[in-house]
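Enquirer: got a predicted model here, sequence first, then my questions.
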2 protein chains.
Amino acid sequence: MTEHRGEPLGLRARKKIAAMERIQDAALDLFEARGFDAVTIEAVAEAAEVSPRTVYRYFGTKEMLVIWDEFDEVELSPLVDAFASSDPIDGLRQGLHLGFVNLEGEQLRRSKRRLRLVYGVPAVEATLALHAAAFSRRIAAHVAPVHGELRSHVLVHALVAGILGAMRHWTLNDFKESPIDLLDQALDVLQHGTGTPPDESERHE
Amino acid sequence: MTEHRGEPLGLRARKKIAAMERIQDAALDLFEARGFDAVTIEAVAEAAEVSPRTVYRYFGTKEMLVIWDEFDEVELSPLVDAFASSDPIDGLRQGLHLGFVNLEGEQLRRSKRRLRLVYGVPAVEATLALHAAAFSRRIAAHVAPVHGELRSHVLVHALVAGILGAMRHWTLNDFKESPIDLLDQALDVLQHGTGTPPDESERHE
DNA sequence: CTGCCATTTGTCAGTGACTGCCTATATGCT
DNA sequence: AGCATATAGGCAGTCACTGACAAATGGCAG
């Protein structure tokens, strides 16, 4: 179907991803129909025609059934480069724009279903936050030599928080606004610092 | 012992807080001795001489045994005021400084124990992140009329991320640096925006 | 085509967090 | 003291998650 990245994926790996997508679809269906908490792993397994043990082997936790994304293995290097420059945001903007224009059709619909569940189920949002934090830490560690340790961590975490904030806003407003615009706005806030009001009408200093 | 805030606390409330502190102490002891995962709620209950059911009633979840803090009911209004001003950070700085100078002696030691566990156990950190996010959202909702919805959320979440980042850094470096300095530095990063390098020696623009 | 090996999937039994329900007990108030 | 109410404990059950072992599947050499 989608040609993930032209990368040399083994036959086995493809089958596994296909199975995971089938299981995730079944899970999303059930979660949307009955609510996350009211669905047991056993029910998901049954719907996807695998054993519960297999679901656990693939996804590890129930929350991961929502979070998982076949692109989970993000290329780290471009992001690290973006952050390492003296102003990280513009590079980041580029990367995110690219990520979003590549998202379309079935992919996009799937992402929206997942986002609705992420921001509708606290436990899932917490898991996502945890993963985002781990990811941020990896990046911050790479960037630390350039910006300093504390600054790097604060910067990276703030930016990730901004990105997730934009996603959250996008999701909870029914995806009406352009995600790229929202991302841009969020990054603007962080780029210009907190001292600048949104427009000229509120200046005090 | 500590005179929480001179507030009109009922006798009942005091006893409950005392009991919770006793249970939390027992839990922290066990978590430090054997590791968070290796301690069952039953063991905590036994050590604190209450029933497991009572531990659940008081704390709800195992993670909360670490997270809980007798000041959890934070006064919202001063923070809201801080955020609502055109530059939220300076007000925030004041509030945090006050919070930290009030932290001393037994209080401080307890906080450090808790922080070590928070940042040493992913599950606990995730729970804290969840609570911080919920808290951020409440503040952002209050602030939205002033700064706009998206901007408010991004701002508040970034600031909270910055504060937690400073705490994390403080904790994982064995509390050697001054927490107030770290907080100041973290807030500086966010206040000035991401375009400014830490010092003059790295300018690329 | 067939038997062999490795990888994958399923089965089973167990642990422990967490909840609802009901009973017992303790506490504040008159 | 005596009553009403809030609070602690006991009990049974659900479900996420794990480790160990058995079954099956699929690629591959002979």
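Expert: Ah, there it is.

Enquirer: so which elements touch whichever strand or helix holds A:Asp181?
Expert: Secondary structure assignment for A:Asp181, by DSSP states H and E: helix A:179-192. Applying 3 or more C-beta pairs under 8 Å, 6 or more residues apart in numbering or on different chains; DSSP states H and E, we find helix A:179-192 packed against helix A:88-101, helix A:149-172, helix B:149-172. To be clear about C-beta, it is placed using only N, CA and C from the backbone, and glycine gets the same treatment.

Enquirer: the closest residue in space to A:Lys16 that isn't next to it in sequence: how many residues sit nearby?
Expert: Once flanking residues are discounted, A:Lys16 sits nearest to A:Tyr58: 7.6 Å by C-beta to C-beta, 6 or more residues apart in numbering or on different chains. Neighbourhood size, A:Tyr58 [other C-beta atoms under 10 Å in any protein chain shown]: 18.

Enquirer: ditto for A:Leu96
Expert: Count around A:Leu96 with other C-beta under 10 Å applied: 20.

Enquirer: show the contacting residues for the residue of chain A found nearest chain B.
Expert: In chain A, the residue found nearest to chain B is A:Gly193; the distance is 3.2 Å by C-beta to the nearest C-beta. Contact analysis of A:Gly193 by C-beta atoms under 8 Å, 6 or more residues apart in numbering or on different chains lists B:190-193.

Enquirer: domain-wise, how is chain A divided?
Expert: Domain ranges of chain A: A:11-61, A:76-202, per automatic domain parsing.

Enquirer: okay, and the helix or strand of chain A with the least pLDDT?
Expert: None of the helices or strands of chain A scores lower by mean pLDDT, DSSP states H and E than helix A:76-84, at a mean of 72.

Enquirer: any idea of the mean pLDDT for the lengthiest helix in chain A?
Expert: In chain A, with assignment by DSSP state H, the single longest helix is helix A:122-147. Mean pLDDT, helix A:122-147: 86.

Enquirer: just checking, what packs against it?
Expert: Against helix A:122-147 (3+ C-beta pairs under 8 Å, 6+ apart) you get helix A:64-67, helix A:76-84, helix A:105-118, helix A:149-172, helix B:122-147.

Enquirer: just the angle between that helix and helix A:149-172, please?
Expert: Using axes from the mean of the first three to the mean of the last three C-alpha atoms, to 10 degrees, the direction of helix A:122-147 lies 140 degrees away from that of helix A:149-172.

Enquirer: rewinding a little: and the residue of chain A closest to chain B, how far from DNA strand D?
Expert: Taking C-beta to the nearest atom of the strand, to the nearest Å as the measure, A:Gly193 falls 39 Å from DNA strand D.

Enquirer: what's the answer for A:Val55, then?
Expert: Counting by C-beta to the nearest atom of the strand - A:Val55 and DNA strand D are separated by 9 Å.

Enquirer: touching, that residue and A:Glu46? I think so.
Expert: No - using C-beta atoms under 8 Å, A:Val55 is not in contact with A:Glu46, being 10.0 Å away.

Enquirer: ok, now which ones touch A:Ile180?
Expert: A:96-97, A:100.

Enquirer: for chain A, what are the low-confidence residue spans?
Expert: Applying pLDDT under 70 to chain A flags the ranges A:1-11, A:71-76, A:86, A:194-205.

Enquirer: re the thing from before, what sits against the residue nearest to A:Lys16?
Expert: Going by C-beta under 8 Å, 6+ apart, A:Tyr58 touches A:16, A:19-20, A:23.

Enquirer: hmm, which of these are the buried ones?
Expert: A:20, A:23 (16 or more other C-beta atoms under 10 Å in any protein chain shown).

Enquirer: what's the most distant pair in the contacts of A:Tyr58?
Expert: Of all pairs drawn from the contacts of A:Tyr58, the one with the longest distance (C-beta to C-beta) is A:Lys16 and A:Ile23, at 10.6 Å.

Enquirer: got the CA positions of stretch A:25-36 in CSV?
Expert: The C-alpha trace of stretch A:25-36 is given here as CSV (Å, rounded to 0.1, in the frame of the first residue of the first chain):
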residue,chain,number,x,y,z
ASP,A,25,-7.4,-1.1,13.4
ALA,A,26,-9.4,-3.6,15.4
ALA,A,27,-8.4,-1.8,18.6
LEU,A,28,-9.3,1.6,17.3
ASP,A,29,-12.7,0.4,16.2
LEU,A,30,-13.4,-1.1,19.6
PHE,A,31,-12.1,1.9,21.5
GLU,A,32,-14.2,4.3,19.5
ALA,A,33,-17.3,2.1,19.8
ARG,A,34,-17.1,1.3,23.5
GLY,A,35,-14.5,3.6,25.1
PHE,A,36,-10.9,2.8,25.9
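
Enquirer: ok, it near DNA strand D or not?
Expert: No - judged by C-beta under 7 Å from any atom of the strand, stretch A:25-36 makes no contact with DNA strand D; its nearest approach is 8.8 Å.

Enquirer: list the buried ones in that stretch?
Expert: Result for stretch A:25-36 [16+ other C-beta under 10 Å]: buried residues A:26-28, A:30-31, A:36.

Enquirer: and those residues, which two are the farthest apart?
Expert: A:Ala26 and A:Phe36 (13.8 Å).

Enquirer: count the residues that sit near A:Ile139.
Expert: 24.

Enquirer: I figured it was touching A:Ala82, is that so?
Expert: No - counting by C-beta under 8 Å, A:Ala82 is not a contact partner of A:Ile139; they are 9.2 Å apart.

Enquirer: measure the residue nearest to A:Gly120 when sequence neighbours are not counted to A:Val66 for me?
Expert: Nearest in space to A:Gly120, with sequence neighbours left out and distances taken as C-beta to C-beta, 6+ apart, is A:Phe36 at 7.8 Å. For A:Phe36, the distance to A:Val66 (C-beta to C-beta, to the nearest Å) stands at 8 Å.
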